[in-house]
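[1] Kindly generate the corresponding structure for this input.
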Amino acid sequence: MNKYEVYSTISLPVSIEVNANSKEHAMMIAQYKMNEMIVKEIKVQITTLNNQKVKPTVHDWNIDIDCTHEEDVTA
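    Now for the predicted structure:
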């Protein structure tokens, strides 16, 4: 039996929480934290419905900041 490496693309929207003074400041902090030039590696683990774990190799990535949502922390 031969071994094959199958390439695919996964679109995976993610979010991180940051503390900031404004939406612009939050986006700047997030942009820095997720800057492609300082991210060492990205790990992905997929769990199937029968609990099988699949850990694909991430060959490349692109990080775009799309939007910011403010949470009310005055409670």
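[2] At the geometric centre of this protein, which residue sits there?
    In the chain, the residue lying closest to the centroid (C-alpha atoms, centre = their mean) is residue 14, at 4.6 Å.
[3] three-state assignment of the nearest residue to residue 58 once chain neighbours are set aside?
    Using C-beta to C-beta, 6 or more residues apart in numbering and skipping residues adjacent in sequence, the residue nearest residue 58 is residue 42, 4.7 Å away. Just so you know, the C-beta spots here come from the backbone N, C-alpha and C atoms, and that holds for glycine as well. Secondary structure of residue 42, reduced to three states by DSSP: H, G, I helix; E, B strand; the rest coil: coil.
[4] same deal with residue 69?
    Taking three-state DSSP, the label given to residue 69 is coil.
[5] Could I get the full set of helices for the chain?
    23-33 (DSSP state H).
[6] For it, just list every one of the strands.
    Taking DSSP state E, the strands of the chain run over residues 46-47, 53-54.
[7] Now render the ones you listed as JSON lines, adding distance to residue 10.
    JSON lines is the format used below for the strands of the chain (distance: least, C-beta to C-beta, whole Å):
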{"stretch": "strand 46-47", "distance to residue 10": "8"}
{"stretch": "strand 53-54", "distance to residue 10": "11"}
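[8] Cheers, nothing more for now.
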